[in-house]
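In: sharing a model prediction with you, sequence too.
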Amino acid sequence: EDAKWGFINTQGVEIIPFEYDYVTNFKNGVSFVRKEGSWGAIDTAGIIIIPIKYSYIDYSTWNRDVIKVFNDSENWGILSEKGELLTKPQYQIIKGSYHGQYLVGNSKRKLKYINKEGGVSFPSIKSASYGVFKDGVAKVGVRRKWGVIDSTGEILIEPIYRTIGDYNAICFSAKLKSSWQIYNYKSEELLSFNPRRLSYLGEDFFIGSKKYKIGVFTLEGQRIISPRFSHIRFQDGGFLVYKNGKCGWYNKEGGKVIPAKFNKLYVSNENRIVGVKNRKVYGFTMKGEKVFKTDTLFDCKEFNNGLVPVKSKKGWGAVDSMGNTVAKGEYYRFESFHDSTSTVFKQGRAALMFNDGKILHNKWHRWIGAYSEGSYLVWLPGGGNNFLTTKGAFVNGIHYSHCRSFQDGYAVVFNDKAGVINRDG
């Protein structure tokens, strides 16, 4: 109505008048609204809970319970969910929160924690800068030296380090001079060497480098994987390792399962690893036992739903977990399987394929988009869209001019006007 926004319920009945220039979707029972150039917020009954007087307002990206407001002087403040001004707009940075304390400041090098009343949280620590709390601890900087405090502000590690990297309740990474080290909270060194860098600190391990190569170590300093790789990534309970442009797979105990000799590897939670080496496709168990090797296939995608798309000279097809052909290589595009179906493309058309290798209902379409919440967006003959279920049926018989993918059980659809449908259409 006159380019104004409001809200209707699932029966199409107006529940909040069309009086706003812009509104956001409800989250935590709150919608941010703009009216006459200013921002505020309403609840699901349409009652204004945050006065419409701010230049901008939004949830923080790092904590969906924190609401930030922006004023004309380009400073941020903090509001409660009830619209109460906890901190007036006076900060360039609002970075984190922990148990009612907020990390704020006007410089990345000068951040402080404040409480809900706006007072400094740890007044006994003078001239300090802070990191975000993790597992009840945070790094603290005093006069260009760094230490660690707990949530009450008690100093666990005196500020003596040049810098502190990652940290948790067990240990922290830090530079005392030029090299890194892992320390416990007795300030004891956990490593027998000083890594040049530490790229990740997880719950049970960290990744560190030695002479430009990286390896994996426990938090107690025990070596899991020797530093000899260019890149390591933790995935599905093990480690993908990279060396000289090739990749391999190690289990979480550091045992070599597949040597780093493959051009690509895909690890699944279905007890299969598939990969490509020397233009041949291999399949392995998670223990590294070879299940199949093909000489006629030279590329593959992720293993999912018991099948993996593979490529031959004639095109893309699919094989099962034992390497048996399920779909012949005759498609120029073949997506990974979802809910026992995959999208395949041939001669400018698209279709859904079931996991037995058959085209659902032998039906081809102009185009099929990405999978989302049990359905695929499909382009219809003559233009327009609808949705295909994983059974190959349309969600309803309506020809929409445009559709958006399903999200949280609903999809926005368009003809002359916009509307919303559920998964049943």
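Out: Thanks, I have the structure now. Numbering: from 1, shown residues only.
In: could you use CA atoms for every contact and neighbour count after this?
Out: Fine.
In: neighbouring strands - and their directions - for the helix or strand hosting residue 166?
Out: Using DSSP states H and E, the element containing residue 166 is strand 163-167. In its sheet, strand 163-167 lies beside strand 171-175 (antiparallel), with partners assigned from DSSP bridges.
In: gap between the nearest residue to residue 340 once chain neighbours are set aside and residue 375?
Out: Spatial nearest neighbour of residue 340, chain neighbours left out: residue 355 (5.2 Å); criterion: C-alpha to C-alpha, 6 or more residues apart in numbering. As judged by C-alpha to C-alpha, to the nearest Å, residue 355 and residue 375 stand 16 Å apart.
In: and for residue 312?
Out: As defined by C-alpha to C-alpha, residue 312 lies at a distance of 29 Å from residue 375.
In: cool, residue 166 as well?
Out: For residue 166, the distance to residue 375 - C-alpha to C-alpha - is 41 Å.
In: between those two, who's got more neighbours?
Out: Legend: neighbour count by other C-alpha atoms under 10 Å for residue 166 and residue 375, higher for residue 375 (24 against 19).
In: quick check: the more buried one touching residue 386?
Out: No: applying C-alpha atoms under 8 Å as the test, residue 375 and residue 386 come out as separate, 9.9 Å apart.
In: give me the phi and psi angles of residue 362.
Out: Main-chain torsions, residue 362, degrees, to the nearest 10: phi 50, psi 40.
In: the chain should start at 22 in everything you say after this.
Out: Right, with 22 as the first residue, what we last looked at is residue 383.
In: contacting residues around the closest residue to residue 249 other than its chain neighbours?
Out: Excluding its sequence neighbours, the residue lying closest to residue 249 (C-alpha to C-alpha, 6+ apart) is residue 234, at 4.8 Å. Shown in contact with residue 234 (C-alpha atoms under 8 Å, 6 or more residues apart in numbering): 248-251.
In: export these as a markdown table, with columns for secondary structure.
Out: Below are the contacts of residue 234 laid out as a markdown table (DSSP: H, G, I helix; E, B strand; the rest coil):
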| residue | secondary structure |
| --- | --- |
| 248 | strand |
| 249 | strand |
| 250 | strand |
| 251 | coil |
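In: now, which of those residues sits nearest residue 30?
Out: The closest of those to residue 30 turns out to be residue 251 (C-alpha to C-alpha; 54.4 Å).
In: any idea how far residue 178 is from the closest one?
Out: Taking C-alpha to C-alpha, one finds residue 251 at 32 Å from residue 178.
In: next one: residue 187
Out: Taking C-alpha to C-alpha, one finds residue 187 at 14 Å from residue 178.
In: so what sits opposite residue 124 in the bridge?
Out: Under DSSP bridges, the beta-bridge partners of residue 124 are residue 117, residue 134.
In: all helices of the stretch 72-221 of the chain, in order?
Out: Using DSSP state H, counting those that start in this stretch, no helices are found in the stretch 72-221 of the chain.
In: run through it and note the low-pLDDT ranges.
Out: 80-87, 92-94, 102-104 (pLDDT under 70).
In: 50 instead, please
Out: 83 (pLDDT under 50).
In: how about stretch 112-121: buried residues?
Out: 112-118 (16 or more other C-alpha atoms under 10 Å).
In: quick one, what contacts residue 116?
Out: Here residue 116 is in contact with 83, 123-125, 153 (C-alpha under 8 Å, 6+ apart).
In: those residues: which two are farthest apart?
Out: Greatest spacing in the contacts of residue 116, by C-alpha to C-alpha: 83 and 125 (13.1 Å).
In: between these two, point out the one with more neighbours.
Out: Applying other C-alpha under 10 Å to residue 83 and residue 125 shows that residue 125 carries more neighbours, namely 24 against 11.
In: now that one: closest residue in space that isn't a chain neighbour?
Out: Nearest-residue entry for residue 125: residue 115, 4.5 Å, with adjacent residues in sequence omitted and distances by C-alpha to C-alpha, 6+ apart.
In: please report the distance of that neighbour from residue 188.
Out: 21 Å.
In: same thing with residue 30?
Out: Per C-alpha to C-alpha, residue 30 is found 47 Å from residue 188.
In: cool, residue 415 as well?
Out: Using C-alpha to C-alpha, one gets 51 Å for the distance from residue 415 to residue 188.
In: so between the two, which is more surrounded?
Out: Using other C-alpha under 10 Å as the criterion, residue 415 and residue 188 rank with residue 188 on top: 22 against 18.
In: just checking, the more buried one touches residue 194?
Out: Yes: look at residue 188 against residue 194 with C-alpha under 8 Å: they come within range, at 6.3 Å.
In: got the contact list for residue 397?
Out: By C-alpha under 8 Å, 6+ apart, the residues touching residue 397 are 389-391, 408-411, 426.
In: contacting residues for the closest residue to it other than its chain neighbours?
Out: Nearest in space to residue 397, with sequence neighbours left out and distances taken as C-alpha to C-alpha, 6+ apart, is residue 409 at 5.1 Å. By C-alpha under 8 Å, 6+ apart, the contact list for residue 409 reads 396-399, 415-416.
In: repeat for residue 125
Out: Per C-alpha under 8 Å, 6+ apart, neighbours of residue 125: 112-117, 132-135.
In: what of residue 166?
Out: By C-alpha under 8 Å, 6+ apart, the residues touching residue 166 are 180-184.
In: from those residues, pick the one nearest residue 294.
Out: Out of the contacts of residue 166, the member with the shortest distance to residue 294 (by C-alpha to C-alpha) is residue 184, at 39.8 Å.
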